[in-house]
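Chemist: Below is the sequence, then the predicted model.
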Amino acid sequence: MTTRIDRRGVLAGAAAFGSLGALGIPAAWAQDARIRLLWWGSQNRNERTAAVIDLFTGANPGVAVEGESAGWDAYWARLATQTAGGNAPDVMQMDYRYIFEYARRGVLLALDDAMADGALDLSGFSQEAIAGGQVDGKTYGVSLGANSSTMIVSQAAFEEAGVALPEKGITWDDFAARAAELTEKAGKRGFYGSADAGGLEPTFEGWLRQRGKALYDAESKLGFDAEDATAWFAMWQAMRESGACVPADLQALDQLNIETSMVSLGHAGVSFAHSNQIVGYQGMSQTPLVMVPYPIGGPDSKPGQYLKPSMFFSLSANSGVPAEAAGFVSFFVNDPAATEVLGVERGVPESAPVREALKASLDALGQAQIDYIESLGDLAGPLPPPPPAGAGEIQFALKRINEEVGFGTPPEAGAEALISEATAILERG
Amino acid sequence: MTDATLSVAAADLEAAARRRRILNLVVHGLLIAASVLMLYPLLWMLSASLRPEAEIFGSTSIWPSEISFEAYRRGWFGLQESFGVFFRNSFVIAVLSVIGNVMACSLAAYAFARLKFRGRNFWFAIMLGTLMIPYHVTLIPQYVLFLNLGWVDTFLPLVVPKFLAHDAFFIFLMVQFFRGIPRELDEAAMMDGCSPWRIYWKIMLPLSMPVLATAAIFSFLWTWDDFFGPLIYLNDMRNFTVQLGLRSFVDSSSQSDWGGLFAMSTLTLVPVFFFFLFFQRLLIEGIATTGMKR
Amino acid sequence: MPAPAAAGAAGAERAGRFARFWSANGAGYMFLAPWLIGFMVLTAGPALISLYLSLTDFDLLRPPNWVGTANYERIFTADAKFMASMRVTLFFVIFSVPLKLAFALAVAVALNRGIRGLPLYRAIFYLPSLLGTSVAIAVLWRQLFARDGLVNSFLATFGIEGPSWISHPDYALWTLIILSVWQFGSPMIIFLAGLRQIPTDMYEAASLDGASKSRQFWKITLPLLTPVIFFNAVVQTIESFKAFTPAFIISGGTGGPVNSTLFYTLYLYQEAFGFLRMGYASALAWILVVIIAAFTALSFLSSRYWVHYDD
């Protein structure tokens, strides 16, 4: 059911203010089968997505798809504004963090019915892949690809300096030594073995899981204590002191994006990222890059990494065309022509037949992603419980506190600050 | 008057002329040095648009290792719509904004500067107050308003406010300048039975060319540079402005086209630069050159 | 029937009062009309709504719930970031505004001397402002002030080894102040327009009286320019309090390192759109409005003593 508002009505202004009490009026546009699709991404992704839209509308006459895109930074302000105005897109790209925030606030449509009646076909997905998009037992997101956290290693930097590349299964201690060796042998001002990942949430989480802890437990509480955090900050402080990783003023250049990462800026031989970003990293680098899993804690280390949906498509709970929107998402993840166009740009496709079919047509970097995901083996554990509300803020706090430690705060004080701030944020929700 | 005093005076004059020449040289020298500081970013951007992608971030040299115009071609044609479309959209929005701002703000400014009416100070304070509200918090109510008017994904939310003097900066600016125009002028006209409208049209506006040109330049530039407004209100790429187009090249979470970004950034400067050159001529007209006498 | 007659008389009196009001004030309100309409629809409504939202827990996605003054209480009692961002913003205002204005005035006066190549210089000096705070400028700025950037290469010729200015908590804010001062084009243009409005015959008369150039500057230029100086000071102060884009673009929206560039509006933006607390962000916004309004009121009070109007 849709409300139509007379657009030219004299009282439109007054109506607008009147409706603000709810600030959540249902989407007012009642055109038939017009799907609005919003995603973040850059040129490459936009082109692929537009091509799939053309394929879809060609195969489904009578359905129009209007694509809108924005860069990551602007995307969330735009989506939040549209949602607040009751004008959320029918299909929206969702991030692993925000899907919980949006789903729990009733913005997203549960897809279980569409999956049951066949409008949304996820038969090629593994159980884990579907579970990645579930919130409180219902499915709110369809994974567009799997990725995992990874180290991006500059092969050339290591080879030129005559230092062996870090290998799968290397311990953190050996990694620190290897990085320090690279710093020393390379002997370039402003170049270090590794980036400082002390403020990176995915790396911290992987390290915690290797210790048998977690970032958050199933009750949305912190899954680690001050002792863990102290050890974490101290480990990176030691690496800063030994020259294994970049000093704090260089690491602070990193804004958690590709072009400001230490490898892209030429300040380090190793950066920490996600596997589907290898394409972007390689684009910024003149020499070959390879992916290596995170170091591990030792022989009794537990699996730290996990396969994570790189992003989802979710449907708006207010969509006027839920069936068509579900059909579009289904087409997006299953259709042979569409998935070939998309490749692994959004991550390795979850559907097993699609993944098989793709292998023949992928380029080297695409192949490297599939290989990397498949090579993780016992380094990858189960999906952690969904992040609680406030996790995004805690991510900021971790980055800031690691910077403080780098600029002189003792690791113990940093750990204490992290625990107290994170606890306060979680309580506030 | 003796010859001696005459020759002393002549020598004084000569010395003064020399001093002035030296001073001029010094001023020019300083201005040129400063110009280099001002021009550097443009040169850097130009160089970034011509060099290989991977060199943009690693290298500090301003000279590219090799020159290629590939980024311009890629930037112009690379998005789903050609960059020409964004130029046209930006141009339409900016020109309408200039017209709207200059008209509506000068009307309000004239009222505040010259007309007497009850509540003038109150409304003036309110007008200043509107300058102080961070736009992030009024954004969503405004969005809901325009959404209900059916204006989302059109230029109207970006243009209509300009015709309603929404940019209080320009009102305040014009008030300050109108108050500098000698009062005797409009008082004399008032005596002759001129209506406020005629005074505004025949006296205030012609004598205010510098400030009107200033307002025109700023309106054009700020509209041209605006990112947040178009981001919220324009959805379809056919309606994108150049700033939205530019941001389409970069996404911090995936692969970006930096060469395209810098190439098109350089191109987007061209219209604003010419607009500035054209309107700055008006800056120097006004009282000083219209032969106004007090 | 007495009652309607009385009502009629009262109505006539009201109409008469209105006619009197209108004949005295009508012209003013006619000229003000576009702004008034715009204000009522575009500003007053949304502003009042945001004031209401500041008393709620609005999260953008669900209808708001009333929480009274809880947001304000939290800001003043339990919000370390509020204090941190206020400190950053005040520091920025105090240093960037006077520096920028002094620069703009000096260049405007220098350019007003009728030297050769004036339009070219003016255009070149306005160039940094034409570039705006775009992504391209952010990339450039980060390269200039990086550890191996141009600034440090320059310092190295004097044997100074500089840090990575832009990513060091002690200096990062200064790079933003320099960016702001470097983009002095807008106040410069306004100063130029103001200088142009000073009648030349005043200088001619002063020259005849034998006043030196510097005396002319202090006795004619500066006093007649005070309305424009006042305008620039007020507007730049307001704009600097609200500064958002430079920090957002250059710090990638984080306000880092260690919150050293966490401008007030950047914090507000994080709360509103990053952490989905629009209610709280609205409360932050209204506190900012009150602070800016206090500063502005003070400058208007002081203006009586130093701003010279012709009327």
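Modeler: Thanks, I have the structure now. Computed from a predicted model, the values in this text were never measured in an experiment.
Chemist: And for the one residue sitting closest to the centre of chain B, nearest residue in space, chain neighbours not counted?
Modeler: Geometric centre of chain B, nearest residue: B:Phe218, 2.2 Å, by CA atoms, centre = their mean. Nearest non-adjacent residue to B:Phe218, counting by CB to CB, 6 or more residues apart in numbering or on different chains: C:Ser186, 6.5 Å away. Every C-beta, even on glycine, is put in place using the N, C-alpha and C of the backbone.
Chemist: ok so that neighbour is a helix residue?
Modeler: Yes - counting by DSSP: H, G, I helix; E, B strand; the rest coil, C:Ser186 is located in a helix.
Chemist: residues in contact with it?
Modeler: B:Phe218, C:Ala104, C:Ser129 (CB atoms under 8 Å, 6 or more residues apart in numbering or on different chains).
Chemist: Can you name the helix or strand that the last one falls in?
Modeler: So the one you mean is C:Ser129. Using DSSP states H and E, C:Ser129 sits within helix C:118-131.
Chemist: does chain B sit close to the next helix or strand after that helix?
Modeler: Following helix C:118-131 in sequence order, the next helix or strand is helix C:135-144 (DSSP H and E). Yes - Helix C:135-144 reaches chain B (CB under 8 Å from any CB of the partner chain) through C:Val135, C:Ala136, C:Ile137, C:Val139, C:Leu140, C:Gln143.
Chemist: B:Arg183: which of these is nearest?
Modeler: Among these, C:Ile137 lies closest to B:Arg183 (CB to CB), at 43.3 Å.
Chemist: For chain A, what's its nearest residue on the stretch 201-311 of chain C.
Modeler: C:Gly252 (3.0 Å; CB to the nearest CB).
Chemist: Look at that residue and say how many residues are nearby.
Modeler: By other CB atoms under 10 Å in any protein chain shown, the residues close to C:Gly252 number 19.
Chemist: Surely it and A:Glu259 touch.
Modeler: No - shown here, C:Gly252 and A:Glu259 do not form a contact pair, counting by CB atoms under 8 Å, at 10.1 Å.
Chemist: what residues do the two have in common as contacts?
Modeler: Contact criterion CB under 8 Å, 6+ apart; residues shared by C:Gly252 and A:Glu259: B:Ser252.
Chemist: What are the structural domain limits within chain B?
Modeler: B:3-58, B:80-290 (automatic domain parsing).
Chemist: CSV please, covering the ones you listed and showing mean pLDDT.
Modeler: Below are the domains of chain B laid out as CSV (pLDDT from 0 to 100):
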stretch, mean pLDDT
domain B:3-58, 79
domain B:80-290, 89
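Chemist: Export those domains as CSV, with columns for distance to A:Val333.
Modeler: Formatted as CSV, those follow (distance: least, CB to CB, whole Å):
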stretch, distance to A:Val333
domain B:3-58, 31
domain B:80-290, 18
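Chemist: Tell me which stretches of the stretch 101-250 of chain C form helices.
Modeler: For the stretch 101-250 of chain C, the helices defined by DSSP state H, counting those that start in this stretch occupy C:118-131, C:135-144, C:150-156, C:172-182, C:185-196, C:200-208, C:213-216, C:222-241, C:245-250.
Chemist: cool, and the stretch 1-150 of chain B?
Modeler: Along the stretch 1-150 of chain B, the stretches classed as helices by DSSP H, counting those that start in this stretch are B:3-50, B:55-58, B:70-78, B:83-114, B:120-132, B:135-148.
Chemist: most packed of those helices?
Modeler: helix B:135-148 (a mean of 24; mean count of other CB atoms under 10 Å in any protein chain shown).
Chemist: and that one with helix B:120-132, angle?
Modeler: Here the directions of helix B:135-148 and helix B:120-132 differ by 100 degrees (axes from the mean of the first three to the mean of the last three CA atoms, to 10 degrees).
Chemist: ok, then the element right after helix B:135-148?
Modeler: For helix B:135-148, the succeeding helix or strand toward the C-terminus, using DSSP H and E, is helix B:156-163.
Chemist: and the stretch 151-300 of chain C, which residues reach chain A?
Modeler: Neighbours of chain A within the stretch 151-300 of chain C, by CB under 8 Å from any CB: C:163-164, C:166-169, C:172, C:251-254, C:256-259, C:269-270, C:273-276, C:278.
Chemist: now the helix or strand B:Phe278 falls within against helix B:70-78, angle please.
Modeler: Per DSSP H and E, B:Phe278 falls inside helix B:258-283. Angle, helix B:258-283 to helix B:70-78, by the same axes, to 10 degrees: 90 degrees.
Chemist: which of the residues in helix B:258-283 are buried?
Modeler: B:258-269, B:271-273, B:275-276, B:279-280, B:282-283 (16 or more other CB atoms under 10 Å in any protein chain shown).
Chemist: Kindly report the same for stretch A:406-422.
Modeler: For stretch A:406-422, by 16+ other CB under 10 Å, it's A:Gly406, A:Phe407, A:Thr409, A:Pro411, A:Gly414, A:Ala415, A:Glu416, A:Ala417, A:Leu418, A:Ile419, A:Glu421, A:Ala422.
Chemist: was I right about the second one contacting C:Ala172?
Modeler: No - A:Phe407 is not in contact with C:Ala172 according to CB under 8 Å; the separation is 11.4 Å.
Chemist: Quick check: neighbours shared by these two?
Modeler: Joint contacts of A:Phe407 and C:Ala172 (CB under 8 Å, 6+ apart) are C:Pro257.
Chemist: tell me which parts of the stretch 301-429 of chain A are close to chain B?
Modeler: Residues of the stretch 301-429 of chain A lying near chain B (CB under 8 Å from any CB): A:Glu345.
Chemist: thinking again about what came up before, C:Lys100 is nearest to which of the domains of chain B?
Modeler: domain B:3-58 (14.4 Å).
Chemist: Just give me how far the closest one sits from the chain centre.
Modeler: 25 Å (CA atoms, centre = their mean, to the nearest Å).
Chemist: If you average the pLDDT over the host helix or strand of C:Ser303, what comes out?
Modeler: Assigned by DSSP H and E, C:Ser303 belongs to helix C:278-306. For helix C:278-306, mean pLDDT rounds to 94.
Chemist: in it, what counts as buried?
Modeler: Here helix C:278-306 shows C:278-289, C:291-293, C:296, C:303 as buried, counting by 16+ other CB under 10 Å.
Chemist: do stretch C:33-40 as well
Modeler: By 16+ other CB under 10 Å, the buried positions in stretch C:33-40 come out as C:Ala33, C:Pro34, C:Trp35, C:Leu36, C:Gly38, C:Phe39.
Chemist: Among those residues, name the ones in strands.
Modeler: Using DSSP state E, no member of those sits in strands.
Chemist: Distance to chain B and pLDDT added to these, as TSV?
Modeler: As requested, these are exported to TSV (distance: CB to the nearest CB, whole Å; pLDDT from 0 to 100):
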residue	distance to chain B	pLDDT
C:Ala33	8	95
C:Pro34	4	95
C:Trp35	4	96
C:Leu36	8	96
C:Gly38	3	94
C:Phe39	7	95
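Chemist: element containing A:Glu101, please.
Modeler: Assigned by DSSP H and E, A:Glu101 belongs to helix A:98-104.
Chemist: and that helix, does that touch chain B?
Modeler: No - on the criterion CB under 8 Å from any CB, helix A:98-104 is out of touch with chain B, staying 12.8 Å away.
Chemist: List the buried residues in the very next helix or strand once past that helix.
Modeler: Downstream of helix A:98-104, the next assigned helix or strand under DSSP H and E is helix A:112-116. For helix A:112-116, burial by neighbour count (16+ other CB under 10 Å) applies to A:Ala114, A:Met115.
Chemist: which strands and helices sit next to helix A:112-116?
Modeler: strand A:138-139, helix A:322-334 (3 or more CB pairs under 8 Å, 6 or more residues apart in numbering or on different chains; DSSP states H and E).
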